[in-house]
Structures are given as structure tokens and as C-alpha cells.
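*Asks:* sequence-free structure coming up:
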């Protein structure tokens, strides 16, 4: 508990610096290009188009899903995935990327994945706004269920920020761990409910495992908002699953920080 208190205290004391560093991270990501921040929308849009084309015209001939065009169903899961993907790999590499904050400035190591996550969340909010405009362009106006969007953003931010701390510390110790995370990210995409509805899988064991996957739970949550029009308390079992996995991730993060915080500056 003392380590958790230390982490939370560092975040509170450096809250102003975290905002500034998040802004700097955003500028650094898109600086040096003519289109600048537009790439935060262009790159995901290209990937969404590729998947839409493949599934609409090649693999599944493009039928409606839950009464919505397949394209709209697809982007409801893909948009949160872009944040989760970038945080899975970016969070794991965050401490290595900003090692000068640890070795030269003595900045609290536990806060580094947080401002990286904050920067990615800003881009995510922009993508969600674009997605809402796309839905409106297709004739689907915002509904009262959109009030749940901040909730799903929050729980996604909390989980993957914790993941960033845990994986960032291990990656700082071993670059092999970082390479492993990058290698498994694409597999995680295909094994999560991004391109299919995991709750409809016939095999109960596999379905149960997938519904403990935070990526699947978040994707389902966004589709509950935009497609199925389901309140979060109606899917309480998935939220319980998420809470269990989140607590485990927090415990792992605190454990890793307590064990490795003194070694990180010397290793980096």
C-alpha cells in the first residue's frame, strides 16, 4: 500500500508537468510533417478502409450487423483498438523512450506512462468525434447512450496506463520483453473481439476467456454505445471481469515498481 500511495502522490504532485509533457509528446509525434496532426486521423482511416474493403467485398460480402452497415460496426471496435494498440506497445516502450527524464532529471518513473497515455487519449477523443460525424453522415444521430462514452474512455485509460507502468518497467530491464510485446500485439488484435462479436462464439470456454480480455470488453462497450444501445449495467458481468483483471494489473504494476524503481536509473 505504501508503494501505491507513493505512485499516487507522485501523480498528484507532478500533475502540471504531466499535462505539459503530454502536449510535448503530441507535438513530437507529429512534428516535421506538412500535415502535422492530421496524421492522427489519416493513418487509422487508411487501416479502417483496408479492413472494410477486405471484409465488405472479399471475405464476407458486406452484410449488415445488428441492423447497421458493416463499416459502422467495424469502426466502433477499431477506433478504441487504435488507442489500445498504441498504448500496449507505446506504454511498454515509454520509459526507454523517455529515459532522460529518469537518468538526468530524476522525474518520477511511475508517471512517464501516464503522460504518454494522456497524449494518446487526446488523439483518441479526436477519432471518436470523427466517428460520431461518420455515424451522423450515415443518418444515425447521437443517442442518450453516448453518455457512456466517457466511462469507457476512463476505464480504458486506467487499465492501459497501469499496463504501461508494468510493461514499461519490464521493458526497461529487458529489451526482449519489449520485442515480445510488439510481436504479440498483432496476435492480440486477431484474438480479441475487434473484427467479430466475441459474445457469439459457440465454444463456452473460449468465449469465457475472451470476455476476460480487456480489449474485447472495451470493444464490446463501444459497440454497446454506438450499435446495440445497451447500458453498461446491463453488461455487468463483463464489467466485473474487467474489474478483476484491472485489480490484477494494478497489483502487478505496484509490485514491479517496488522491485525495480531503484534499478531502472542505473540500467538505463
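*Replies:* Looks like it came in fine. Please read these numbers as outputs of a predicted model, since none were measured by experiment.
*Asks:* Can you give the distance from the helix-or-strand element of the chain with minimal mean pLDDT to the centre of its chain?
*Replies:* When the helices and strands of the chain are scored by mean pLDDT, DSSP states H and E, helix 39-53 comes last with a mean of 72. Distance of helix 39-53 from its chain centroid, counting by Cα atoms, centre = their mean, to the nearest Å, is 17 Å.
*Asks:* Against which helices or strands is it packed?
*Replies:* Helix 39-53 sits against helix 15-30, helix 70-92, helix 112-137, with contacts defined as 3 or more Cβ pairs under 8 Å, 6 or more residues apart in numbering; DSSP states H and E. For the C-beta atoms, the positions are set from N, CA and C on the backbone; glycine is no exception.
*Asks:* Out of those helices, which one sits most buried?
*Replies:* Of the helices and strands packed on helix 39-53, the one with the most neighbours on average (mean count of other Cβ atoms under 10 Å) is helix 70-92, at a mean of 22.
*Asks:* For residue 68, what are phi and psi?
*Replies:* phi -110, psi 150 (degrees, to the nearest 10).
*Asks:* which residue packs closest to it, ignoring adjacent ones?
*Replies:* Nearest non-adjacent residue to residue 68, counting by Cβ to Cβ, 6 or more residues apart in numbering: residue 227, 5.4 Å away.
*Asks:* Quick one: residues contacting the one you found.
*Replies:* By Cβ atoms under 8 Å, 6 or more residues apart in numbering, the contact list for residue 227 reads 65, 66, 68, 72, 73, 76.
*Asks:* Check what pLDDT it gets.
*Replies:* Predicted confidence (pLDDT) for residue 227: 92.
*Asks:* I'd assumed it was in a strand, is it?
*Replies:* No - Residue 227: not assigned to a strand; according to DSSP: H, G, I helix; E, B strand; the rest coil it is helix.
*Asks:* residue nearest the centroid of the chain?
*Replies:* Centroid check for the chain by Cα atoms, centre = their mean gives residue 84 as the closest residue, at 2.2 Å.
*Asks:* List just the nearest of the contacts of residue 227 to residue 243.
*Replies:* Of all the contacts of residue 227, residue 76 has the smallest distance to residue 243: 22.7 Å, by Cβ to Cβ.
*Asks:* The stretch 101-250 of the chain: helices as residue ranges?
*Replies:* For the stretch 101-250 of the chain, the helices defined by DSSP state H, counting those that start in this stretch cover 112-137, 149-173, 175-191, 204-210, 214-223, 236-260.
*Asks:* Please identify the deepest-packed of those.
*Replies:* Mean neighbour count (mean count of other Cβ under 10 Å) peaks for helix 214-223 among these, with a mean of 25.
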